[in-house]
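1. task: produce atomic coordinates for the following.
(chains A and B)
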Amino acid sequence: MSKPARVLLWTALGAGFAVIYFPLLVVLLNSVNADTTFGWPPKSFTLEWWGRAITNEGALHALWTSVIAGLSATAIALVLGTMAAFALQKYRFFGRNSLSLLVILPIALPGIVTGIALNNAFRTIFGLDLGLMTAIVAHATFCIVVVFNNVVARLRRMGGNLEEASMDLGADGMTTFRLVTFPMLRSALLAGGLLAFALSFDEIIVTTFTLGTGMETLPIWIYNNLFRPNQAPVVNVVAAVLIIVSTVPVYLAQRLSGGDSSSGGRI
Amino acid sequence: MTAVSPPSHRISAFFHRKPKLRLGLLLTAPMLWLGLAYLGALAALFITAFWSTDVFTGKVVTDWSFDNFVTLFSDSVYRTITFRTVGIALLVTVIDAVIAFPMAFAMAKLASPRAQRLLVIMVMTPLWASYLVKAYAWRTLLSGNGVLNWLLNPLGLSGPGYGVTATVITLSYLWLPYMILPIYAGLEKLPTSLVDASGDLGAKSFRTFRSVILPLTFPAIVAGSIFTFSLSLGDYIAVKIVGGTSQMLGNVVYDNIGAANNLPFAATVATVPVVIMLVYLAAVRRTGALDNL
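-> So this is what the prediction gives:
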């Protein structure tokens, strides 16, 4: 490739990353901006907002709800996503293509559609009151695909040779799964689970329509406080914390998946 | 002496002889969840779109009619919003593809394997930094006394403020990683030898791009576009945060469920992005983009 083309591409990459990270840096900086209206540039700095955020009951309660919802949805998604991945990767059957499309559908359709479809179904078909349970079911529905993708990628790479060898050596299906298949899947499951949790943790649109009234996940708490002027500093700190914390699952998932899922999240 | 196999062995041998049964057991739970619950919910939503709401009691009346669809297509307000939404979604997709391609190319073809891992992590990190945090970041950047005006004012310019432009910028920013990652994955699979061969045969950079690289990575671009397009079509929150007074389809759906308490009409409006997405998915299925997701 010509030198100017290389320089141009590297510049594009650098500029792209600058645009991606600049707004996040501004949020981090604003969390210690002493000015409550966040005029720019900041004139003086303070840690007061951090102190107030750490003791903010609404935010802490919402954080707890988010964690419970995320863990539950991830657990369901791990089971269902893995089952679907085995079925679709190891067997050839009628309707296989439609089924793989069905797994993608909850994230390929706009969140608002998934949200009101489930909201309507919970209330009118199943006669349920919206609560934490309904939000968990909704989250699990779109988390399945993340686990599914990670497991399918790993199964594809593994092939079936080792399992056949295990069976040839006399191990039954259960033993083969326990000693051969599962250990090789473990890191893919962990990566898928982490990404599913992160997806659930960040979800706001579907949550708005499926969580009971009076309950808040962290994104909903942020949204509810976004337009309250006196809450702005606390929202800024929570936002800054989320930016910092979000690096952890990404890093772990990337290490665990061993490059299986070069794409992440919804993909 | 006859060996008696343990029960667990016998059970597993039983299943081993019946692959259809194993498949059935594996499929039952995911199919019940996704097939019945999710597709059922979508079907119910579609049916609701043909019902109406009693003006006085606010209850849903289960009389079938096309009235909601007639309103949707004949009322100029909704027509404008539909075109605006689709326009924004298309624009966001194009902007993201144009920004993402050179970035993904540099990552996949110029960076060392070690740097590649790091760069992928660098793309994914903001992906997981909360949606709201990012939309909110743009609200503060675009605000009257925000960073953008502070940067532009000395040049005699001013930022776009809140409105459609701000919505397009924010949505493009939000979904950019969803475009970079599939294109990167696609380019990574593209053998460098093909690019070299094209050069050896005398093709200039642009010709190689147009005739070799672009056709082979097209499915990856389409895969990315599914997310940028779909996520933009259904968004209503970014619009509320930076969109000023302009609305998108998502806002109409949201307002009809909340304030107006008209679920049937909300359902009708929601069928628009569903139909658009289903047509889009059906169209791109042939490109093999869905296998790239």
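
2. just the mean pLDDT for the helix or strand hosting residue B:119, thanks.
-> Taking DSSP states H and E as the criterion, the element that holds residue B:119 is helix B:113-128. Mean pLDDT, helix B:113-128: 84.

3. which secondary structure elements does it contact?
-> For helix B:113-128, the helices and strands in contact under the criterion 3 or more CB pairs under 8 Å, 6 or more residues apart in numbering or on different chains; DSSP states H and E are helix A:3-30, helix A:247-257, helix B:164-189. (Each C-beta comes from the backbone N, C-alpha and C, glycine too.)

4. identify the residues contacting it?
-> Counting contacts by CB atoms under 8 Å, 6 or more residues apart in numbering or on different chains, the residues outside helix B:113-128 that touch it are A:13, A:17, A:20-21, A:24, A:198, A:202, A:246-247, A:249-251, A:254, A:259, A:262, A:264-265, B:107-108, B:111, B:134, B:177-178, B:180-181, B:184, B:188.

5. same check, this time on stretch B:226-235
-> When contacts are taken as CB under 8 Å, 6+ apart, the neighbours of stretch B:226-235 outside the stretch itself are A:107-113, A:205, A:266-267, B:85-86, B:88-90, B:92-93, B:96-97, B:171, B:174-175, B:178-179, B:248-250, B:273, B:276-277, B:280-281, B:284, B:289, B:293.

6. show me where the stretch 101-250 of chain A has helices.
-> Assigned by DSSP state H, counting those that start in this stretch, the helices in the stretch 101-250 of chain A fall at A:111-120, A:132-158, A:161-168, A:173-176, A:182-202, A:205-210, A:218-226, A:232-245, A:247-257.

7. residue B:240 reaches residue B:251, doesn't it?
-> Yes - Residue B:240 lies in contact with residue B:251 (CB atoms under 8 Å); the separation is 7.2 Å.

8. which stretch of helix or strand covers the spatially most central residue of chain B?
-> With the centre of chain B defined as its mean C-alpha position, the nearest residue by CA atoms, centre = their mean is residue B:227, 2.1 Å away. In this assignment (DSSP H and E), residue B:227 forms part of helix B:214-233.

9. what comes up buried for that helix?
-> Of the residues in helix B:214-233, those with enough neighbours to count as buried (16 or more other CB atoms under 10 Å in any protein chain shown) are B:216-217, B:219-233.

10. mind checking how far residue A:240 is from residue A:218?
-> Residue A:240 sits 13 Å away from residue A:218, going by CB to CB, to the nearest Å.

11. nearest residue to residue B:203 other than its sequence neighbours?
-> On the basis of CB to CB, 6 or more residues apart in numbering or on different chains, the spatially nearest residue to residue B:203 that is not a chain neighbour turns out to be residue B:211, at 6.8 Å.

12. so which bits of stretch A:166-186 are buried?
-> Within stretch A:166-186, the residues scored as buried using 16+ other CB under 10 Å are A:166-167, A:171-173, A:175-177, A:180-181, A:185.

13. could I have that stretch exported to PDB, CA atoms only?
-> Listed next in PDB are the C-alpha coordinates belonging to stretch A:166-186 (Å, rounded to 0.1, in the frame of the first residue of the first chain):
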ATOM      1  CA  SER A 166     -13.900 -39.200  23.900                       C
ATOM      2  CA  MET A 167     -16.800 -41.300  22.900                       C
ATOM      3  CA  ASP A 168     -14.500 -43.800  21.000                       C
ATOM      4  CA  LEU A 169     -12.500 -44.100  24.200                       C
ATOM      5  CA  GLY A 170     -15.700 -45.200  26.000                       C
ATOM      6  CA  ALA A 171     -17.000 -42.100  27.700                       C
ATOM      7  CA  ASP A 172     -20.700 -41.700  27.600                       C
ATOM      8  CA  GLY A 173     -22.400 -38.500  26.600                       C
ATOM      9  CA  MET A 174     -22.600 -37.000  30.100                       C
ATOM     10  CA  THR A 175     -19.000 -37.800  30.800                       C
ATOM     11  CA  THR A 176     -17.900 -36.400  27.500                       C
ATOM     12  CA  PHE A 177     -19.800 -33.200  28.200                       C
ATOM     13  CA  ARG A 178     -18.400 -32.900  31.700                       C
ATOM     14  CA  LEU A 179     -14.800 -33.600  30.900                       C
ATOM     15  CA  VAL A 180     -14.400 -32.500  27.300                       C
ATOM     16  CA  THR A 181     -17.100 -30.200  26.000                       C
ATOM     17  CA  PHE A 182     -17.800 -28.000  29.000                       C
ATOM     18  CA  PRO A 183     -14.100 -27.200  29.900                       C
ATOM     19  CA  MET A 184     -13.600 -26.000  26.300                       C
ATOM     20  CA  LEU A 185     -16.800 -23.900  26.400                       C
ATOM     21  CA  ARG A 186     -16.200 -22.400  29.800                       C
END
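
14. count the residues that sit near residue A:193.
-> The local packing count at residue A:193 equals 23, with neighbours defined by other CB atoms under 10 Å in any protein chain shown.

15. can you check residue A:135 too?
-> Counted with other CB under 10 Å, residues neighbouring residue A:135 total 30.

16. surely it and residue A:211 touch.
-> Yes - the pair residue A:135 and residue A:211 qualifies as a contact (CB under 8 Å) at a distance of 4.2 Å.

17. what are the phi and psi values for whichever residue of the stretch 151-293 of chain B sits closest to chain A?
-> Of all residues in the stretch 151-293 of chain B, the one sitting closest to chain A is residue B:234 (2.0 Å; CB to the nearest CB). Backbone dihedrals for residue B:234, given as degrees, to the nearest 10, come out at phi -100, psi 0.

18. quick check: end-to-end length of stretch A:224-234?
-> 12 Å (CA to CA, to the nearest Å).

19. that stretch and chain B in contact?
-> Yes - shown here: stretch A:224-234 in contact with chain B (CB under 8 Å from any CB of the partner chain) through residue A:226.

20. got the buried residues for that stretch?
-> Using 16+ other CB under 10 Å as the burial criterion, the residues of stretch A:224-234 that qualify are A:225-226, A:231-234.

21. can you give me the buried ones in the helix holding residue B:119?
-> By neighbour count, and taking 16+ other CB under 10 Å as the criterion, the buried residues in helix B:113-128 are B:116, B:119-128.

22. could you point out which element follows it?
-> Per DSSP H and E, the first helix or strand lying C-terminal to helix B:113-128 is helix B:131-142.

23. and the angle for that next one with helix A:182-202?
-> Using axes from the mean of the first three to the mean of the last three CA atoms, to 10 degrees, the interaxial angle of helix B:131-142 with respect to helix A:182-202 works out to 50 degrees.

24. phi, psi of the residue of the stretch 1-150 of chain A found nearest chain B?
-> Taking CB to the nearest CB, chain B has its nearest neighbour within the stretch 1-150 of chain A at residue A:110, 2.0 Å off. Backbone dihedrals for residue A:110, given as degrees, to the nearest 10, come out at phi -60, psi 140.

25. if we can go back for a sec, overlap of the contact sets of residue A:135 and residue A:211?
-> Contact criterion CB under 8 Å, 6+ apart; residues shared by residue A:135 and residue A:211: residue A:217.

26. and stretch A:40-53, what's buried?
-> For stretch A:40-53, the neighbour count (16+ other CB under 10 Å) marks A:40, A:49-50, A:53 as buried.

27. of those, the lowest pLDDT goes to which?
-> Of all these, residue A:40 carries the smallest pLDDT score, 71.
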